[in-house]
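1. sequence and predicted structure, then a few things I'm wondering about:
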Amino acid sequence: MALRRFLGFSDGELMRSDAKPCSRLMRQTAGIFSVGGALGFWVLCRLHYGPRITIPRSLRWAACGAITASSSTALLVRLFSPECEPQNIAAFDKKK
């Protein structure tokens, strides 16, 4: 699913064996960006509603921000990271 080969950025080589596997890289990136997305959307909610803000509304915005940021960054990592090229996934990601 990686776009690196399609765009001409990939040479088709295997990565080093001590690099992070694609699944762990996606999970860590999504976890970090979920916190940032929640805080970012919470700020946007505060700016948009001002004094009319309610706790359920702000929590809903924060949850939507966390989901949006984590899923979009995980997709970008999957598409553009060299660890997520098919030959590296086949060689280094553990199957469950």
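-> Cool, the structure landed.

2. select the longest helix from this protein.
-> The single longest helix within the chain, with elements called by DSSP state H, is helix 22-49.

3. can you list the helices and strands that the following helix or strand past it packs against?
-> Following helix 22-49 in sequence order, the next helix or strand is helix 55-80 (DSSP states H and E). Applying 3 or more Cβ pairs under 8 Å, 6 or more residues apart in numbering; DSSP states H and E, one finds that helix 55-80 contacts helix 22-49. Glycine gets a C-beta too; all of them are placed from N, C-alpha and C.

4. you'd agree Leu79 is up against Leu7?
-> No - applying Cβ atoms under 8 Å, one finds Leu79 not in contact with Leu7, separated by 9.7 Å.

5. who's more crowded, the two?
-> A direct count of neighbours by other Cβ atoms under 10 Å for Leu79 and Leu7 places Leu79 higher, at 14 against 10.

6. with adjacent residues omitted, what lies nearest to that one?
-> Leu3 (4.8 Å; Cβ to Cβ, 6 or more residues apart in numbering).
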